[in-house]
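**Student:** please find the sequence and the predicted model below.
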Amino acid sequence: MPIDPVCGMEVSEETELKLEYNGKVYYFCSPHCKAQFESNPEKYVKGEGMKHEHGHKHGHKRHGCCCH
């Protein structure tokens, strides 16, 4: 499953909350997370490939986003 780059939550590819950026599709758990990404995508993209450097000290979230 894709991971929301803002909060780290697992997201279904079926979601309508997605965005293409630099040729890659990103999926989001909420409109809030999508808006956060759109306001500063490089903040979330530059840490790709590394363990989530966007402030989450826990693993991928499967239930509920911290941003709702």
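**Tutor:** In hand now; what should we look at? Computed from a predicted model, the values in this text were never measured in an experiment.

**Student:** quick one: the strands in this protein, in order.
**Tutor:** Using DSSP state E, the strands of the chain run over 18-21, 24-27.

**Student:** tell me the most buried of the ones you listed?
**Tutor:** Of all those, strand 24-27 has the most neighbours on average by mean count of other C-beta atoms under 10 Å, namely a mean of 16. Yep, even glycine has a C-beta here, placed from its N, CA and C like the rest.

**Student:** by residue count, tell me the biggest helix in the protein.
**Tutor:** helix 31-39 (DSSP state H).

**Student:** ok so, going back, make JSON lines out of the strands of the chain and add distance to F37 and mean pLDDT.
**Tutor:** Output for these, formatted as JSON lines (distance: least, C-beta to C-beta, whole Å; pLDDT from 0 to 100):
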{"stretch": "strand 18-21", "distance to F37": "7", "mean pLDDT": "97"}
{"stretch": "strand 24-27", "distance to F37": "6", "mean pLDDT": "97"}
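
**Student:** quick one: low-confidence ranges for the chain?
**Tutor:** Scanning the chain for pLDDT under 70 picks out 47-64, 66-68.

**Student:** what ranges do the helices span in it?
**Tutor:** 31-39, 41-45.

**Student:** okay, buried residues for the shortest one please.
**Tutor:** Buried residues in helix 41-45, counted by 16 or more other C-beta atoms under 10 Å: Y44.

**Student:** name the residues that touch stretch 17-32?
**Tutor:** By C-beta atoms under 8 Å, 6 or more residues apart in numbering, the list of residues contacting stretch 17-32 from outside reads 2-7, 9, 11-13, 15, 33-34, 37-38, 41, 44-45, 65, 67-68.
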